[in-house]
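Chemist: Quick one, fold the following:
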Amino acid sequence: MTKKKHYYQDYDSYEDYVRREHPEDAGMLRAKPRRVKRRVYDENEPQEMYEEEDDEYIQDAEEEKPARKRGKKKKKGFLQRLLPILIVLAVIIGVPVYLIASRFDNIHSVSDPGSFSRSLKSEMSEEAATSSVMKDYTNIALFGVDSREEELLSGNNRSDIIIILSMHKRTGKCKLLSVYRDTYLDIGGDSFRKANAAYAFGGPEQAVNMLNRNFDLNISDFVTIGFGGLADLIDAVGGVEIDVAEDEIHGINDYQSTMAQELSRDYRTVDAPGLQTLDGLQAVAYCRIRYTAGDDYRRTERQREVLQQTFRNAKRMTPAKLSAITTQVFRQTATSLTVSEALALSSKLLMLDIVDTAGCPEASLRTSGTVNQESCIIPKSLEDNVRWLHEFLFEENDYRVSERVKKISARIDADTAGIG
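Modeler: This next block holds a predicted model:
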């Protein structure tokens, strides 16, 4: 049987064939395209081209029909392989990027992100600023505050949630480290108080500086969310499944009652212990419980538990659901990230994998007591806690603390001598 081939098989493409063999028709390629039917013919047959601008059949129809069927089948197989890839790209990259870009103006941003970043870097220790280990990580401070939208960037907000999110840039592995809000630290200006006072006195800039100063870190960005925004986000992802203890029920209902009044929304009481799905207000109230066994240590465990579940559920959100809550949540969010930085970060979110969580000061390196009439968590040795922190977050086993951390550690020891 004579081998069949298409008339432009020996050319790079149909367009190349037209330009080389029919230059008088080359202009048609940029104007209205002409529908060209392929004619299958024998190698010994004159190489003619049949052009039609309507749907007339080509001669040799009996040979053309099978060829067309085979071509369609092949094309369908290709699209079947390509379509899922296109859908995944659209959902994972296109939709979040579009939403963030189009609605970023709803976020409360610092007035001058460049100046904000330079200010933070000027306060970093030389060890942190030049660390060859930390440069492989993206470190962001996460704050949760009980605040109205217009006050997210101001002082007068003690941060109930202080979490360092550290993500390895290459692997996407992420760790969450809570800093206990009652930890006695240098909050700036030679003032030693509870860690959460830094946000109250100087907003996010002083709070981030407090983390960098006390722990030799290089954090240059933050995200703050009001509790109303966090509740909306949790509601949008379908709530979180929590095993509620008997002694936590009163705290959940008490906190959510207060928040519901402040946010002018209804709430649903938790009436029994056990495994159950908490809605947004219930989950945020659960995060805020203090006066149960474990005190602040247990509270930060609750916070990390809720955030982990929220993130896992958010990764499964449909674009429609994401679109529905983006504006509302963004209005209750503040950040130092520029839109380009937020877009770059969003493209990494789905590769992010939370592999471990912890609290600082570390359990064996802390005590508690009253300092200057405030009930505080006291680092037994800030130096040892900083070494532990760098090993936990960055797998750095031989970290050498800065001279500044040594001085802060000595001051804490002196202020808390005989306590605990």
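Chemist: Please make it C-alpha for all contacts and neighbour counts, starting now.
Modeler: Will do.
Chemist: excluding its backbone neighbours, what's nearest residue 397?
Modeler: Using C-alpha to C-alpha, 6 or more residues apart in numbering and skipping the chain neighbours, the partner closest in space to residue 397 is residue 391 (5.3 Å).
Chemist: what are the ranges of the helices in the stretch 251-400 of the chain?
Modeler: Here the stretch 251-400 of the chain has its helices, by DSSP state H, counting those that start in this stretch, at 280-288, 295-314, 319-331, 339-346, 382-394.
Chemist: ranking the ones you listed by burial, who's on top?
Modeler: helix 280-288 (a mean of 25; mean count of other C-alpha atoms under 10 Å).
Chemist: what's that helix in contact with?
Modeler: Counting by C-alpha atoms under 8 Å, 6 or more residues apart in numbering, helix 280-288 makes contact with 160, 227-228, 230-235, 239-240, 248, 251-256, 259-260, 267-270, 299-300, 302-303, 306, all of which sit outside it.
Chemist: Show me what counts as buried in stretch 250-269.
Modeler: Residues of stretch 250-269 classed as buried under the neighbour-count rule (16 or more other C-alpha atoms under 10 Å) are 251, 252, 253, 255, 256, 257, 259, 267.
Chemist: among those residues, which are in strands?
Modeler: When DSSP state E defines the strands, the subset of these inside them is empty.
Chemist: Among these, which one lies nearest to residue 290?
Modeler: When these are compared for distance to residue 290 (C-alpha to C-alpha), residue 251 wins out at 8.0 Å.
Chemist: Surely the closest one is in contact with residue 270?
Modeler: No. With contact defined as C-alpha atoms under 8 Å, residue 251 does not reach residue 270; the gap is 9.9 Å.
Chemist: still on that earlier bit, just checking, the residue nearest to residue 397 touches residue 385?
Modeler: No. Assessed by C-alpha under 8 Å, residue 391 is found out of contact with residue 385, at 9.8 Å.
Chemist: pLDDT score assigned to the residue nearest to residue 397?
Modeler: The score at residue 391 is 97. That number is its pLDDT.
Chemist: And for the one 3 residues further on?
Modeler: Looking at residue 394, its pLDDT is 97.
Chemist: again with residue 130
Modeler: Looking at residue 130, its pLDDT is 91.
Chemist: returning to that earlier point: can I get the helices of the stretch 251-400 of the chain in TSV with distance to residue 408?
Modeler: Supplementary listing: the helices of the stretch 251-400 of the chain in TSV, determined by distance: least, C-alpha to C-alpha, whole Å:
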stretch	distance to residue 408
helix 280-288	29
helix 295-314	23
helix 319-331	37
helix 339-346	33
helix 382-394	8
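Chemist: Compare the ones you listed and give me the one nearest residue 129.
Modeler: Between residue 129 and these, the tightest spacing by C-alpha to C-alpha is seen for helix 382-394, at 14.2 Å.
Chemist: Can you name every helix or strand that that closest one contacts?
Modeler: Contacts of helix 382-394 with other secondary structure elements, assessed using 3 or more C-alpha pairs under 8 Å, 6 or more residues apart in numbering; DSSP states H and E, are made with helix 197-215, helix 403-415.
Chemist: Hmm, residue 185 is touching residue 412, no?
Modeler: Yes. Between residue 185 and residue 412 a contact is recorded at 7.3 Å, counting by C-alpha under 8 Å.
Chemist: Settle it for me: which of these two has more neighbours?
Modeler: residue 185 (28 against 20; other C-alpha atoms under 10 Å).
Chemist: Return the residues in contact with that one.
Modeler: Counted by C-alpha under 8 Å, 6+ apart, residue 185 has contacts 192, 193, 194, 195, 210, 214, 408, 412.
Chemist: Checking it next. Helix, strand or coil?
Modeler: strand (DSSP: H, G, I helix; E, B strand; the rest coil).
Chemist: Tell me the spacing between residue 306 and residue 300.
Modeler: As judged by C-alpha to C-alpha, to the nearest Å, residue 306 and residue 300 stand 10 Å apart.
Chemist: Among the buried residues of stretch 250-269, which one sits closest to residue 244?
Modeler: Taking C-alpha to C-alpha as the measure, residue 244 sits nearest to residue 252 out of the buried residues of stretch 250-269, at 9.5 Å.
Chemist: how near is that closest one to residue 246?
Modeler: Spatial separation of residue 252 from residue 246 under the definition C-alpha to C-alpha is 11 Å.
Chemist: do residue 357 as well
Modeler: On the measure of C-alpha to C-alpha, residue 357 and residue 246 end up 25 Å apart.
Chemist: Mind checking which of the two has more residues around it?
Modeler: Looking at residue 357 and residue 246 with other C-alpha under 10 Å, you find the greater number of neighbours at residue 357, namely 19 against 11.
Chemist: Just the pLDDT at that one, thanks.
Modeler: Taking residue 357 on its own, its pLDDT is 91.
Chemist: Quick check: it touching residue 175?
Modeler: Yes. Under the criterion of C-alpha under 8 Å, residue 357 lies in contact with residue 175, with a separation of 5.6 Å.
Chemist: sorry, back to before: and the contacts of residue 185 as a markdown table, adding pLDDT and distance to residue 290?
Modeler: Formatted as a markdown table, those follow (pLDDT from 0 to 100; distance: C-alpha to C-alpha, whole Å):
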| residue | pLDDT | distance to residue 290 |
| --- | --- | --- |
| 192 | 97 | 22 |
| 193 | 95 | 19 |
| 194 | 95 | 15 |
| 195 | 95 | 16 |
| 210 | 96 | 23 |
| 214 | 97 | 24 |
| 408 | 97 | 28 |
| 412 | 97 | 24 |
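Chemist: Filter these down to the buried ones, ChimeraX style.
Modeler: Selecting the buried subset of those in ChimeraX, with 16+ other C-alpha under 10 Å as the burial test, is done by:
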select :192,193,194,195,210,214,408,412
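Chemist: can you redo the contacts of residue 185 as CSV with distance to residue 314?
Modeler: Output for the contacts of residue 185, formatted as CSV (distance: C-alpha to C-alpha, whole Å):
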residue, distance to residue 314
192, 38
193, 36
194, 33
195, 30
210, 30
214, 33
408, 40
412, 41
